[in-house]
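**Student:** No letters, just coordinates:
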């Protein structure tokens, strides 16, 4: 399996040679910042399956879990592409909107619903978790 994607300006491109592990819609406060007030849709893959061309910038932060997290984005157009945790270096989360074929990234779970605003559009068909679920993979 080969999955491709990239940023808005195409300065960053990536290829993933693995099937997705899980796709989640996330309403944590950080994702609301990244998603301009909405949730983000994030697809998890094995990190060794990801190959990136182009320059990325990295924003390192401490998550609510206490783990160091990295948010990686294109320095040209600002598109957020990836996130990862130092506690789970074998996993990478890819923003579904950056996939060339985003249809393949259908969410199976909505997480951090406790942080969602009252007006949030949350798919009633998906299971919900109020905070962080157990680790993927």
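**Tutor:** Cool, the structure landed. Please read all numbers here as calculations on a predicted model, not as lab measurements.
**Student:** In three-state terms, label the residue nearest the centre of the chain for me.
**Tutor:** Residue closest to the mean C-alpha point of the chain, counted by Cα atoms, centre = their mean, is residue 42 at 3.2 Å. At residue 42, secondary structure determined by DSSP: H, G, I helix; E, B strand; the rest coil is strand.
**Student:** repeat for the one 3 residues further on
**Tutor:** Under the three-state scheme (three-state DSSP), residue 45 adopts strand.
**Student:** which residues touch it?
**Tutor:** When contacts are counted by Cβ atoms under 8 Å, 6 or more residues apart in numbering, residue 45 touches 3, 16, 18, 20-21, 91-94. For the C-beta atoms, the positions are set from N, CA and C on the backbone; glycine is no exception.
**Student:** Kindly give the local confidence score, pLDDT, for it.
**Tutor:** We have a pLDDT of 97 for residue 45.
**Student:** Number the residues from 250 up from this point.
**Tutor:** Understood, numbering begins at 250; the last thing we discussed is residue 294.
**Student:** Surely the residue nearest to the centre of the chain touches residue 270?
**Tutor:** No: contact criterion Cβ atoms under 8 Å: residue 291 and residue 270 do not qualify, at 10.9 Å.
**Student:** Count the residues that sit near the closest residue in space to residue 263 that isn't next to it in sequence.
**Tutor:** The shortest distance from residue 263 to any non-neighbouring residue, by Cβ to Cβ, 6 or more residues apart in numbering, is to residue 301 (4.7 Å). By the measure other Cβ atoms under 10 Å, the count of residues near residue 301 is 16.
**Student:** Got the phi and psi for residue 301?
**Tutor:** Backbone geometry at residue 301, expressed as degrees, to the nearest 10, gives phi -120, psi 140.
**Student:** Show me the shaky parts of the chain.
**Tutor:** Along the chain, the model assigns pLDDT under 70 to residues 384-386.
**Student:** which residues of it fall in strands?
**Tutor:** 252-255, 262-265, 271-275, 289-295, 299-302, 306-311, 317-322, 329-334, 340-344, 358-360, 377-378 (DSSP state E).
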